[in-house]
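K.L.:
A structural model of the following input is requested.
(2 chains)
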Amino acid sequence: MTGRKRNTSKRGPEWASGLKQLYDSVIEEPIPDAFKDLLSKLDDGKR
Amino acid sequence: MSREERELPERSAADKRAFKQELTDVVPHLRAFARGLCGRPDMADDLVQETLLKAWAAQERFEPGTSMRAWTFVILRNAYLTDMRRNRFRGEYDETAAERILTAPAGQEEPIHLSDMHRALLTLPPERREALLLVGAGGFSYEEAAQICGCAVGTIKSRVGRARAALTTMIEDGTIPERSIGDPSAHGAILEELDDVAAGRGQAIPTK
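P.N.:
Numbers count the residues shown, from 1 in each chain, chains lettered A, B, ... in the order given. Have a look, this model is predicted:
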């Protein structure tokens, strides 16, 4: 799976601006604590 | 990075921390994709939590340097499709009623109404919805979306095309499903309906 290729236009396809707004609105939400808790419990050897 | 080495290296603590950091960074995107797929924020967040646990368990299979986003999106959409097939609602999956319920916000902290776009999106079959989300909002190319969904590029293009056409029609014709709630006191009624559907007593919510 290639990693570096991205949609070159930051705004994405023209027809999808509404969809993008919807998507971006979730990205901008603060991360709920439940996620921070879960991530902190994953054991990566850090004490 | 040598590609001839096929055996998976054992992960050092540093590797794990790097993986965890990348995983943390991708959480907002997972939430956005899940929200587009599921509609209900609480279900979407459950799906993301499930995805994070699976990703962590499978970290040996992630190739450093490749897209964490693409890799975790695969896990998420597979989990979503599996859950749907296993009838997360536990009762018979009544598509009409369930989709209308799914357009209702779950918690008090959510705004009362979802955008027209979101409601329209949720009426699409999952394969078209995910294709549209990946290409239109997720920033993936058609080729990347095809890899995530495990299908041909042509299939993705066709799904995106149909999804776009359906959305455009709904928006232009004004045939997006109406919000079935008008005020906060309807929340409870909606959630009770959800329980009914889950118990197999699903009935379509009367539209206005």
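
K.L.:
Backbone dihedrals for B:T66, please?
P.N.:
When read as degrees, to the nearest 10, the backbone of B:T66 gives phi -90, psi 180.

K.L.:
for B:C151, same thing?
P.N.:
phi -140, psi 180.

K.L.:
Where does pLDDT dip in chain B?
P.N.:
For chain B, the stretches with pLDDT under 70 are B:1-10, B:84-116, B:174, B:178-208.

K.L.:
And the helices in it?
P.N.:
B:13-38, B:41-57, B:68-85, B:95-102, B:116-122, B:126-132, B:142-149, B:153-173, B:186-198 (DSSP state H).

K.L.:
between these, which gets nearest to A:D33?
P.N.:
helix B:41-57 (11.2 Å; Cβ to Cβ). All C-beta atoms are positioned from the backbone trio N, CA, C, and that covers glycine.

K.L.:
and that closest one, what other elements does it pack with?
P.N.:
Judged by 3 or more Cβ pairs under 8 Å, 6 or more residues apart in numbering or on different chains; DSSP states H and E, helix B:41-57 is in contact with helix A:33-41, helix B:13-38, helix B:68-85.

K.L.:
re the thing from before, now mean neighbour count too, for the helices of chain B, in JSON lines please.
P.N.:
Putting those into JSON lines (neighbours: other Cβ atoms under 10 Å in any protein chain shown) gives the following:
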{"stretch": "helix B:13-38", "mean neighbour count": "20"}
{"stretch": "helix B:41-57", "mean neighbour count": "19"}
{"stretch": "helix B:68-85", "mean neighbour count": "19"}
{"stretch": "helix B:95-102", "mean neighbour count": "19"}
{"stretch": "helix B:116-122", "mean neighbour count": "21"}
{"stretch": "helix B:126-132", "mean neighbour count": "22"}
{"stretch": "helix B:142-149", "mean neighbour count": "21"}
{"stretch": "helix B:153-173", "mean neighbour count": "16"}
{"stretch": "helix B:186-198", "mean neighbour count": "16"}
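
K.L.:
Alright, calling it a day.
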